[in-house]
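Novice: A predicted structure for the sequence below; I have some questions about it.
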Amino acid sequence: QSLRIGLIPADGIGREVIPAAKEAIIALGSDIPKPEFVDLIAGWECFTRTGVALPEETVDALKNDCDCALFGSVSSPSRRVVGYSSPIVALRKEMDLYANIRPVMSVYPSQKPSIDLIVVRENTECLYVKQETQQQGEHGREARATRLITERASRRIGQMAFELAHARPRKHLTIIHKSNVLSVTDGLFRETVRGVPLLPEVNGKYNDVEIAEQLVDSAVYRLFREPEVFDVMVAPNLYGDILSDAAAALVGSLGLIPSVNAGDNFVMGEPVHGSAPDIAGKGIANPLASIRSAALMLRRLGYIKGADRLDLAVDQVIREGEILTPDLHGKSTTQEVLAAVLKNL
Ligand code: NAI
Ligand code: MG
């Protein structure tokens with residue numbers, strides 16, 4: 001039996017950190033089924049070379065030939081480029097990866113405030129349906145965007161969030177919304193997520209989860225004032241995007257923060273950071289976010305021992321503080337940090 005892992009390094013430092021994650025996975029040996037890697041392309045460089053940012057062959061290979069995948073980072077241009085749209089947004093839709101799960105933890109166990117939370121972000125709808133229009137109004141141009149919230153998407157992200165909260169020691173879930181203003185859309189999200197524990201198929205499983213609610217603006221405020229109150233947070237797409245970046249800022253370098261895009265049938269690990277053009281090609285990108293993303297991916301697939309070993313090996317490198325990349329005020333290279341992780345493994 002083997003584990004087929006699609007590798008999509010994409011652009012910039014993605015090409016430096018995804019190969020590092022691959023080495024770390026290989027070093028797990030018999031703790032996981034024999035890994036087989038499938039090299040796939042996507043991204044801005046792919047677009048400039050082939051005219052498409054997400055080739056059909058990449059999607060087909062993921063659907064038919066892979067058990068899971070690791071995605072690096074894309075260099076999306078800020079200006080509008082005809083024919084280009086972000087491959088990661090498209091992949092989440094194509095593969096129905098409806099949840100973006102982002103654990104954020106204090107870098108050092110002694111760090112204050114101590115942060116140990118997970119943001120569970122709905123990944124498919126809200127304002128990201130990208131239905132925008134503009135027209136001439138009485139007082140100048142008017143632009144509108146559609147914000148879609150469905151019961152189905154809210155229920156399945158709610159189920160994902162309750163499952164994660166149920167499995168954690170604190171068993172606490174905060175529902176993020178703004179239904180004091182957006183009582184129809186956010187109201188539906190809030191009500192549907194609240195209803196998850198009552199679903200017949202759930203059969204009381206989540207009765208041990210304590211439910212809290214917080215309006216999104218005050219949630220950001222609280223996140224900065226007293227982040228230790230949060231355990232699992234579940235939010236519609238846009239709020240989740242903002243909250244998870246805000247939470248990441250509290251613990252230091254982006255080079256440490258992993259995420260996973262998850263659906264019912266597929267899982268794709270992805271470091272939270274972008275392609276970092278300022279350091280790309282210098283060999284100093286921090287590979288730890290990608291290695292942690294590989295751990296998240298393996299954990300969701302049920303390879304707990306392999307995932308734990310990766311996390312412990314990364315934690316040890318951080319704790320020892322000797323071999324770190326410049327983003328963590330160290331002097332080491334990507335390869336040296338990888339070597340330290342491999343030694344711990
Ligand atoms: P970025 O995350 O690429 O970089 C922000 C800062 O953090 C830079 O100073 C960079 O050097 C540093 N950094 C990021 N990851 C690091 C790592 N592993 N090790 C050491 N330092 C690291 O964000 P930025 O600069 O806003 O975006 C650059 C490009 O990446 C843009 O084209 C953007 O569209 C794209 N991007 C792609 C994402 C994705 O693929 N999911 C997510 C965010 C941005
Ligand atoms: Mg973001």
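Specialist: On my side now, so go ahead. Numbers count the residues shown, from 1 in each chain. Ligands and ions are numbered 1, 2, ... in the order given.

Novice: The stretch 101-250 of the chain against ligand 1: which residues are in contact?
Specialist: Remark: no part of the stretch 101-250 of the chain is in contact with ligand 1, using Cβ under 6 Å from any ligand atom. Bear in mind the C-beta positions are built from the backbone N, C-alpha and C, glycine included.

Novice: From His273, how far off is the residue of the stretch 101-250 of the chain found nearest ligand 1?
Specialist: Here the residue of the stretch 101-250 of the chain nearest ligand 1 is Asp245; by Cβ to the nearest ligand atom that distance is 9.0 Å. Separation of Asp245 from His273 (Cβ to Cβ, to the nearest Å) stands at 10 Å.

Novice: Neighbour count for those two, which is higher?
Specialist: His273 (25 against 15; other Cβ atoms under 10 Å).

Novice: low-confidence ranges in the protein?
Specialist: 108-110 (pLDDT under 70).

Novice: rerun that using 80 as the cut-off
Specialist: 107-113, 252-253 (pLDDT under 80).

Novice: residues from it in reach of ligand 2?
Specialist: Asp241, Asp245 (Cβ under 5 Å from the ion).

Novice: List the buried residues for stretch 233-252?
Specialist: The neighbour-count criterion (16 or more other Cβ atoms under 10 Å) identifies 233-237, 239-244, 246-248, 250-252 as the buried residues of stretch 233-252.

Novice: Check the spacing between the residue nearest to Val129 when sequence neighbours are not counted and Thr185 real quick.
Specialist: Sequence neighbours aside, Leu148 is the residue nearest to Val129 in space, at 4.8 Å (criterion: Cβ to Cβ, 6 or more residues apart in numbering). Look at Leu148 and Thr185: by Cβ to Cβ, they are 8 Å apart.

Novice: Which one's more surrounded, the two?
Specialist: Thr185 (20 against 15).

Novice: Surely the more buried one and Arg147 touch.
Specialist: Yes. Counting by Cβ atoms under 8 Å, Arg147 is a contact partner of Thr185 at 5.6 Å.

Novice: Just the helices from the protein, written as ranges.
Specialist: 14-26, 44-50, 56-65, 87-94, 151-166, 185-195, 216-225, 237-250, 288-300, 304-320, 334-344 (DSSP state H).

Novice: count of neighbours near Gly29?
Specialist: Gly29: 11 surrounding residues under other Cβ under 10 Å.

Novice: now swap in Pro326 and tell me
Specialist: 16.

Novice: OK, contacts around it?
Specialist: The contact partners of Pro326, by Cβ atoms under 8 Å, 6 or more residues apart in numbering, come to Ile284.

Novice: And Ile284, by the same measure?
Specialist: Ile284 makes contacts with Thr325, Pro326, Thr333, Thr334, as judged by Cβ under 8 Å, 6+ apart.

Novice: And the residues you listed, which is closest to ligand 1?
Specialist: Checking these against ligand 1 with Cβ to the nearest ligand atom, the nearest one is Thr325 at 5.7 Å.

Novice: I figured that closest one was touching Asn286, is that so?
Specialist: Yes. Counting by Cβ under 8 Å, Asn286 is a contact partner of Thr325 at 4.2 Å.

Novice: Between these two, point out the one with more neighbours.
Specialist: Asn286 (28 against 23).

Novice: excluding its backbone neighbours, what's nearest the more buried one?
Specialist: Gly255 (2.9 Å).

Novice: Also Ile242?
Specialist: Val220 (7.4 Å).

Novice: Then Ala248?
Specialist: Ala248 sits nearest to Ile257 (Cβ to Cβ, 6+ apart), 4.7 Å away.

Novice: So for Asp116, which of the helices of the chain sits nearest?
Specialist: Asp116 sits nearest to helix 237-250 of all the helices of the chain, at 10.7 Å, using Cβ to Cβ.

Novice: Appreciated, that's everything.
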